[in-house]
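**Q** build the 3D model from these lines:
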Amino acid sequence: MPHTIAVNTWVWTSPLSDATLEPLARKAADLGYDALELPLENVGDWDPVRVRETLDGFGLGAIVVGAMGPKRSLIDSVGDVAATQEYLRACIDAARVLGSDAVAGPFYAPTGVAWRMDADERAAVIRELRENLAPLATEAADLGITLAVEPLNRYETSVINTVEQGLDALEPLIGAGVGLALDTYHLNIEEKKPADAIRAAGAAIAHVQVCGSDRGAVGDDHTDWPEILRALDDAGYRGPLGLESFTGENATIAVAASVWRPLAASQDELASRSIAALRALEHS
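**A** Predicted coordinates:
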């Protein structure tokens with residue numbers, strides 16, 4: 001089934017701002033994208049009302065993406081829980097204004113922070129995550145928004161790496177303002193069979209991000225893309241596919257995403273090749 005295809009503005013810039021949005025929205029629309037993934041790195045970087053007006057001008061939808069920088073965590077030992085909850089409330093409000101059905105991101109701990117846990121320590125972390133996520137889940141659900149929590153690979157977190165861990169950790173909250181955000185890059189690293197993991201996630205899937213297995217363009221990498229799309233169909237997922245890759249031109253994002261070399265001849269080419277591949281796959 002055809003999906004809305006979005007592109008994350010991290011492909012070109014970081015942080016997103018009101019000033020940089022308009023040319024990126026124009027570029028995305030010209031390339032044939034249906035929507036933008038909009039990272040809110042810091043509250044105030046961009047104005048949701050102004051962004052909505054700009055996107056309306058190009059006929060683009062929106063998906064809000066959270067950025068878990070230093071001290072952003074729903075686990076007290078690695079971050080400021082109260083400040084993170086307020087940040088996520090701002091993300092939820094931006095989604096409300098923009099008409100985004102989901103806010104996606106790894107909302108448990110700062111990206112790049114990992115630590116070893118025994119079984120008892122992990123159980124305590126999961127209890128704390130559930131407790132601190134629950135009020136946000138209720139607030140999101142009341143607005144028809146889902147917090148799509150993303151498993152990350154082992155080098156970026158030690159909390160939730162796999163679909164199975166995500167389902168276990170979030171089980172009491174899934175379906176009531178909480179779901180999973182699946183990213184093919186992380187699935188490729190952590191899952192024995194990514195398509196089977198997608199099917200196991202099933203109705204819990206609230207958002208899906210895609211990119212090549214090297215973090216570059218979709219389509220000429222080793223990912224079995226026809227099987228990924230079949231698995232999404234089998235899981236009943238009808239939501240957007242968001243291309244998430246990163247520019248290496250910004251030092252902060254290059255280090256955070258480990259972008260040490262160009263992933264395409266240009267970022268425009270990366271975006272163009274990806275949407276061409278995804279459209280071809282959907283019509284094959």
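
**Q** so what's the residue count around Asp234?
**A** Residues near Asp234, counting by other C-beta atoms under 10 Å, number 12. To be clear about C-beta, it is placed using only N, CA and C from the backbone, and glycine gets the same treatment.

**Q** I'd guess it is in a strand, am I close?
**A** No: read with DSSP: H, G, I helix; E, B strand; the rest coil, Asp234 is helix and lies in no strand.

**Q** residues in contact with it?
**A** The neighbours of Asp234, taking C-beta atoms under 8 Å, 6 or more residues apart in numbering as the test, are Ile198, Arg199.

**Q** now it: how far from Pro172?
**A** Going from Asp234 to Pro172 by C-beta to C-beta, to the nearest Å gives 25 Å.

**Q** how about Thr162?
**A** 18 Å.

**Q** who has more neighbours out of the two?
**A** Thr162 (19 against 12).

**Q** my read: the more buried one touches Lys192, true?
**A** No: using C-beta atoms under 8 Å, Thr162 is not in contact with Lys192; the gap is 9.4 Å.

**Q** tell me which residues in the lowest-mean-pLDDT helix or strand in the chain are buried?
**A** Using mean pLDDT, DSSP states H and E, helix 251-256 stands out as the lowest-scoring helix or strand of the chain, at a mean of 82. By neighbour count on 16 or more other C-beta atoms under 10 Å, the buried set for helix 251-256 is Ile253, Ala254, Ala256.

**Q** dump these into a markdown table; add distance to Ala95 as well.
**A** Shown next, in a markdown table, are those (distance: C-beta to C-beta, whole Å):
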| residue | distance to Ala95 |
| --- | --- |
| Ile253 | 22 |
| Ala254 | 27 |
| Ala256 | 23 |
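
**Q** relative to Leu243, which of these is nearest.
**A** Here the nearest of those to Leu243, counting by C-beta to C-beta, is Ile253; it sits at 15.3 Å.

**Q** only C-alpha atoms, please: export stretch 93-113 in CSV.
**A** Taking Å, rounded to 0.1, in the frame of the first residue of the first chain, the C-alpha atoms of stretch 93-113 are listed here in CSV:
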residue,chain,number,x,y,z
ASP,A,93,2.1,20.8,21.5
ALA,A,94,4.0,21.4,18.3
ALA,A,95,2.5,18.1,16.9
ARG,A,96,-1.0,19.4,17.9
VAL,A,97,-0.5,22.7,16.0
LEU,A,98,1.1,20.9,13.0
GLY,A,99,-1.4,18.1,12.7
SER,A,100,1.3,15.5,13.3
ASP,A,101,-0.2,12.1,14.6
ALA,A,102,3.1,11.2,16.2
VAL,A,103,6.1,12.5,18.0
ALA,A,104,9.0,10.2,17.3
GLY,A,105,12.3,9.6,19.1
PRO,A,106,14.3,7.6,21.7
PHE,A,107,12.7,9.3,24.7
TYR,A,108,14.3,7.3,27.4
ALA,A,109,17.9,8.5,27.6
PRO,A,110,20.4,10.9,25.8
THR,A,111,21.5,9.5,22.5
GLY,A,112,25.0,8.2,22.8
VAL,A,113,24.8,7.4,26.5
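
**Q** so the closest residue in space to Asp80 that isn't next to it in sequence: helix, strand or coil?
**A** Residue nearest to Asp80 in three dimensions, not counting chain neighbours: Lys71, with 5.0 Å by C-beta to C-beta, 6 or more residues apart in numbering. With three-state DSSP as the basis, Lys71 sits in coil.

**Q** pLDDT at Lys71, what is it?
**A** pLDDT recorded at Lys71 is 97.

**Q** what separates it from Arg89, distance-wise?
**A** 16 Å.

**Q** related to what we said a few turns ago, what residues are up against the residue nearest to Asp80?
**A** Val78, Gly79, Asp80, Ala83, Thr84, Pro110.

**Q** do the same with Arg72
**A** Residues near Arg72 by C-beta under 8 Å, 6+ apart: Gly79, Asp80, Ala83, Thr84, Tyr87, Pro110.

**Q** neighbours around the first one, how many?
**A** I take that to be Gly79. 20.

**Q** and the helix or strand harbouring Ala82, what does it pack onto?
**A** Here Ala82, judged by DSSP states H and E, is contained in helix 81-98. Using 3 or more C-beta pairs under 8 Å, 6 or more residues apart in numbering; DSSP states H and E, the elements in contact with helix 81-98 are strand 35-40, helix 48-58, strand 61-66, strand 102-105, helix 119-142.
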